[in-house]
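> Based on what follows, work out the 3D shape:
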Amino acid sequence: MDKKFTIGKLARRAGVNIQTIRYYERLGLLLHAGRKESGYRLYDNEAFKRLKFIRHAKELGFTLEEIRGLLELRLESSKACERVKEKAQAKLQNVQQKIKALKGVEKILKELVHACDTRRTTEECPILRSIEIEDKQTNKK
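Numbers count the residues shown, from 1 in each chain. Here you go, the predicted model:
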């Protein structure tokens, strides 16, 4: 017999809050197994596995829409593995681009922090001045 969980037990077991489960249900990412006579929602072990899948995919940086696509592919034949690989490669490229951008930000921040070693007044602060200059350049575009 397949064990059934109330929404509270499922949330605790999966390490998410109840609102997250309800949200995933509204999006169609998670289905409940039915209801008790008392009206409480019931979930089976497959719902728990699906919830864990969603949580882990989010940790890897996939959006909920991308996760929806992965879940659909998960139900398809073995040919879907190549499509999953393509999605993972695209996500990897996206992550690598973000890392590159963050390294650029890191470099600039290190330079600005180093420039502050002279302990100037706030009017002369290179960090504030740099942000102000960047803001003016952004507003011109």
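> Grab the longest helix from the protein for me.
Taking DSSP state H as the assignment, the helix of the chain that covers the most residues is helix 80-115.
> Buried residues in it, which are they?
Using 16 or more other C-beta atoms under 10 Å as the test for burial, helix 80-115 gives 91, 112. In this view, the C-beta of every residue, glycine as well, is placed from N, C-alpha and C.
> From residue 132, how far out is the residue nearest the centre of the chain?
With distances taken as C-alpha atoms, centre = their mean, the residue of the chain nearest its centroid is residue 58 (3.9 Å). Look at residue 58 and residue 132: by C-beta to C-beta, to the nearest Å, they are 36 Å apart.
> ok, now residue 63?
Computed as C-beta to C-beta, the residue 63 to residue 132 distance reads 34 Å.
> Kindly report the same for residue 7.
The value you get for residue 7 to residue 132, if C-beta to C-beta is used, is 50 Å.
> Looking at those two, which is more packed in?
Between residue 7 and residue 132, counted using other C-beta atoms under 10 Å, residue 7 has the larger neighbour count: 18 against 11.
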